[in-house]
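Q: Whatever this is, show me its structure:
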Amino acid sequence: MKYFFLSDGWKVGRVWGVGGEWSHAAWRRPPDIKQLNLCLFDRNEKMWLYRVEDAVLMVEVQPAVRPDPADPAKNIGNVTLTRLIDAEQVLERLGTIAARCEMGNPQLM
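A: Next up, the predicted model:
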């Protein structure tokens, strides 16, 4: 599994795998991307942890709200995440980041 943190108010857009952009027809399913119940609060920003399957190489993310045409300097259309992290890197960031970590509805295994 691979992971990434995504700011609250952003959503996943296009996804790329080994063969290029993810094709529902070729894979016969959508990519396995799941928002986990773990988030970081850093400087008033809430960042959620997402888990993705190993076949995913890159993920495009974009704001969930439409850009404000009155202030184009503050608008970001999309960002492509090319460096997804592994579980060890997630734990390292959770241990070193100067932020508050919150877990919602933890489930026992």
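Q: okay, CA-based contacts and neighbour counts for the rest of this
A: Fine.
Q: Return the residues in contact with Met47.
A: Residues near Met47 by Cα atoms under 8 Å, 6 or more residues apart in numbering: 5-8, 39-41.
Q: how would you label the residue located most distally from the centre of the chain: helix, strand or coil?
A: Relative to the C-alpha centroid of the chain, counting by Cα atoms, centre = their mean, Ala70 is the outermost residue, at 27.6 Å. Three-state assignment for Ala70 (DSSP: H, G, I helix; E, B strand; the rest coil): coil.
Q: Could you report the distance from it to Asn78?
A: Distance, Ala70 to Asn78, by Cα to Cα, to the nearest Å: 18 Å.
Q: any idea how far the strand of greatest length in the chain is from the chain center?
A: For the chain, the strand that runs over the most residues, judged by DSSP state E, is strand 33-42. Offset of strand 33-42 from its chain centre (Cα atoms, centre = their mean, to the nearest Å): 8 Å.
Q: okay, that strand in CSV with CA atoms only?
A: Below are the C-alpha coordinates for strand 33-42, written out as CSV (Å, rounded to 0.1, in the frame of the first residue of the first chain):
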residue,chain,number,x,y,z
ILE,A,33,-8.2,4.9,-2.9
LYS,A,34,-9.6,5.3,0.6
GLN,A,35,-9.6,8.3,3.1
LEU,A,36,-8.6,6.9,6.5
ASN,A,37,-9.9,8.2,9.9
LEU,A,38,-6.6,9.9,10.6
CYS,A,39,-5.8,13.5,10.1
LEU,A,40,-3.2,16.1,11.1
PHE,A,41,-3.8,19.6,12.2
ASP,A,42,-0.9,21.9,11.1
